[in-house]
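In: I would like the atomic coordinates for the input below:
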Amino acid sequence: MILFTGVRALLVSAALLVSAPRFAIVTQCAHAQIADQSPLPAPTGHHAVGRAEFDWIDESRSDSTAPSRHREIVVWAWYPATPGRSADPAAWMPGKWADVFVSEYSKGRPAAGTRPNLSSIRSHAYADAPVQVSSRKYPVLLFAPGSGTTPLDYSAIIEDVVSHGYIVLGVESPDFGRASVFADGRVVLGHDPVERTARGAAPPSTALAIRAWEQAARTFGEDLSFALTRLATLGELPLSQAADLARVGVFGHSLGGAAALQCAHDDPRVRAVFNIDGSPVWSAGNGPLHRPVMILSAASTGLSYDAVLNGATPGDHLRLAGTVHSFPSDVRVMPFSPQATGNSRLIPPPRALRVTSRFLEAFFNEHLNGQREPILHGPSREYPEITSERIVR
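Out: Numbering: from 1, shown residues only. Got it, this is the predicted structure:
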């Protein structure tokens, strides 16, 4: 069973791909106008970005949030697009997604007083824009957000990567995200994996907590693989027709980083994995991860990733100076965020997003597209904030 939401332009016949060149390519001038409307850094690639929302059901699994139902996930897709001349950029957080964000954000900051107003905050993507025609299909990247967030929270880095010729499927796991807003209007809040496993036990043991995070990474990894499988079966969808399923990578942040690693281990279709300050959750039963692996850590994170890097082909652990755990998310550039006012010890949030995007692009360019990227092979004057923690060749 497959449900779709907000994909009017994507559900048209393959004829759309033939006629798509009639749509105007967004010019540099138009990009500049969009930048004025959004606090997010503008994408640096030459492709305009489309965004669509899917609601997919995996009938092979039951749903841990509702055992009587099959597993259901929301997937946000970003892709190279040809928006019409009059198209407006999509809302950063649309509809109920915005309502949940505001509610949860305000709960954690009761002293702030005012609730953030998201109605005027735009992204750089165009909702349901036609897929851009290309003589070569686009590589596919799966993305797993951190616990308590959604793929929309990472619009800046995703849009930038997509503007360089990638399709990104951002998977919202109903277990661990802030909330999932389904096609029928249901809103399902996520949960902390340790608290759910502990079932009220206080405090949970270290062994229990480790098992909870390992299971969370495995479940989330299965959601990522299912999203890829579903895309592959939708041959009539222009997005599926444009996807190169022989060039697949996965990346994630925090818990999503651990899920990305597990997905890369379990799914032979995944050729490379990028972990952004992810939890170093790696079950001893996994054995080595024989994939290209890159880990980008925050300056404030002091964790060992040796269990993952041992056996990587190759493996790199980099650190981004002047950052905290939230550095790849959009929240720090938002006008309502107190962190957006600056901290002398941190690099500017837009710079953190740009460096993250650039290394994502370089990593997947090299391991999916076969383009050697010098910044992956030594210090770069362009990115002095990056230092190497460990290299495995």
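
In: thought residue 194 was touching residue 207?
Out: No - judged on C-beta atoms under 8 Å, residue 194 makes no contact with residue 207 at a distance of 11.5 Å. Heads up, the C-betas are built off the backbone N, CA and C, glycines and all.

In: the more surrounded of these two?
Out: The neighbour comparison of residue 194 against residue 207 (other C-beta atoms under 10 Å) goes to residue 194, with 18 against 8.

In: Correct me if wrong, but residue 139 is in a helix.
Out: No - under DSSP: H, G, I helix; E, B strand; the rest coil, residue 139 sits outside any helix and is assigned strand.

In: pLDDT at the closest residue in space to it that isn't next to it in sequence, what is it?
Out: Excluding the flanking residues, the one nearest residue 139 by C-beta to C-beta, 6 or more residues apart in numbering is residue 247, at 3.8 Å. pLDDT recorded at residue 247 is 98.

In: From residue 46, how far out is residue 247?
Out: Distance, residue 247 to residue 46, using C-beta to C-beta, to the nearest Å: 19 Å.

In: Tell me if I'm right that the residue nearest to residue 139 and residue 272 touch.
Out: No - using C-beta under 8 Å, residue 247 is not in contact with residue 272, being 9.3 Å away.

In: any idea of the pLDDT on the closest residue to residue 331 other than its chain neighbours?
Out: The spatially closest residue to residue 331, leaving aside those adjacent along the chain, is residue 337, at 5.3 Å (C-beta to C-beta, 6+ apart). On pLDDT, residue 337 comes in at 87.

In: And residue 337, how far from residue 299?
Out: From residue 337 to residue 299 the distance is 19 Å (C-beta to C-beta).

In: Which residue ranges of the stretch 251-393 of the chain form strands?
Out: 272-276, 293-298, 315-320, 386-392 (DSSP state E, counting those that start in this stretch).

In: ranking these by burial, who's on top?
Out: When the strands of the stretch 251-393 of the chain are scored by mean count of other C-beta atoms under 10 Å, the highest mean neighbour count falls to strand 272-276 (a mean of 27).

In: relative to strand 315-320, how tilted is it?
Out: Strand 272-276 and strand 315-320 are oriented at 30 degrees to each other (axes from the mean of the first three to the mean of the last three C-alpha atoms, to 10 degrees).

In: What's the local residue count around residue 133?
Out: Using other C-beta under 10 Å, residue 133 has 16 other residues around it.

In: picking up where we left off before, which one of residue 247 and residue 46 has more residues nearby?
Out: residue 247 (20 against 13).

In: chain center to the host helix or strand of the more buried one, what's the gap?
Out: In this structure, residue 247 sits in strand 243-253 according to DSSP states H and E. Centroid separation for strand 243-253 versus its chain: 11 Å, with C-alpha atoms, centre = their mean, to the nearest Å.

In: Give me the sheet partners of it and which way each runs.
Out: Strand 243-253 pairs in its sheet with strand 138-144 (parallel), strand 272-276 (parallel), by DSSP bridges.

In: Spit out the residues that contact residue 247 and residue 272 alike.
Out: Common neighbours of residue 247 and residue 272, counting by C-beta atoms under 8 Å, 6 or more residues apart in numbering, are residue 368.

In: How about exporting stretch 384-393 as CSV, limited to the C-alpha atoms?
Out: Extracted as CSV, the C-alpha positions of stretch 384-393 are listed here (Å, rounded to 0.1, in the frame of the first residue of the first chain):
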residue,chain,number,x,y,z
PRO,A,384,41.1,25.7,7.9
GLU,A,385,38.4,24.7,10.4
ILE,A,386,38.7,21.1,9.5
THR,A,387,41.3,18.9,11.2
SER,A,388,41.9,15.2,10.8
GLU,A,389,41.4,12.8,13.8
ARG,A,390,42.1,9.5,12.1
ILE,A,391,42.6,8.2,8.6
VAL,A,392,42.2,4.5,7.6
ARG,A,393,43.5,3.5,4.1
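
In: quick one: it to chain centroid distance?
Out: Offset of stretch 384-393 from its chain centre (C-alpha atoms, centre = their mean): 23 Å.

In: How about stretch 232-245?
Out: The chain centre lies 19 Å from the centre of stretch 232-245; the measure is C-alpha atoms, centre = their mean.

In: Mind listing what's buried along it?
Out: 234, 237-240, 242-244 (16 or more other C-beta atoms under 10 Å).

In: Format these as CSV; extra columns: pLDDT.
Out: CSV is the format used below for those (pLDDT from 0 to 100):
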residue, pLDDT
234, 88
237, 88
238, 94
239, 96
240, 95
242, 97
243, 97
244, 97
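
In: Output the lowest mean pLDDT helix or strand found in the chain.
Out: Lowest on mean pLDDT, DSSP states H and E among the helices and strands of the chain sits helix 15-19, with a mean of 29.

In: before we move on, back to that, can you put the strands paired with strand 243-253 in CSV and add distance to residue 255 and mean pLDDT?
Out: Shown next, in CSV, are the strands paired with strand 243-253 (distance: least, C-beta to C-beta, whole Å; pLDDT from 0 to 100):
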stretch, distance to residue 255, mean pLDDT
strand 138-144, 8, 98
strand 272-276, 11, 98
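
In: Any chance of JSON lines for the ones you listed, columns distance to residue 230?
Out: Converted to JSON lines, the strands paired with strand 243-253 look like this (distance: least, C-beta to C-beta, whole Å):
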{"stretch": "strand 138-144", "distance to residue 230": "12"}
{"stretch": "strand 272-276", "distance to residue 230": "20"}
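
In: out of those, nearest to residue 92?
Out: strand 138-144 (16.3 Å; C-beta to C-beta).

In: Using CSV, write out every CA atom in the closest one.
Out: Provided in CSV are the C-alpha atoms of strand 138-144 (Å, rounded to 0.1, in the frame of the first residue of the first chain):
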residue,chain,number,x,y,z
TYR,A,138,21.1,11.5,-10.3
PRO,A,139,22.8,9.6,-7.5
VAL,A,140,20.5,8.9,-4.5
LEU,A,141,21.4,9.8,-0.9
LEU,A,142,19.3,8.6,2.1
PHE,A,143,19.2,10.9,5.1
ALA,A,144,18.4,10.2,8.7
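
In: Fine by me, we can end here.
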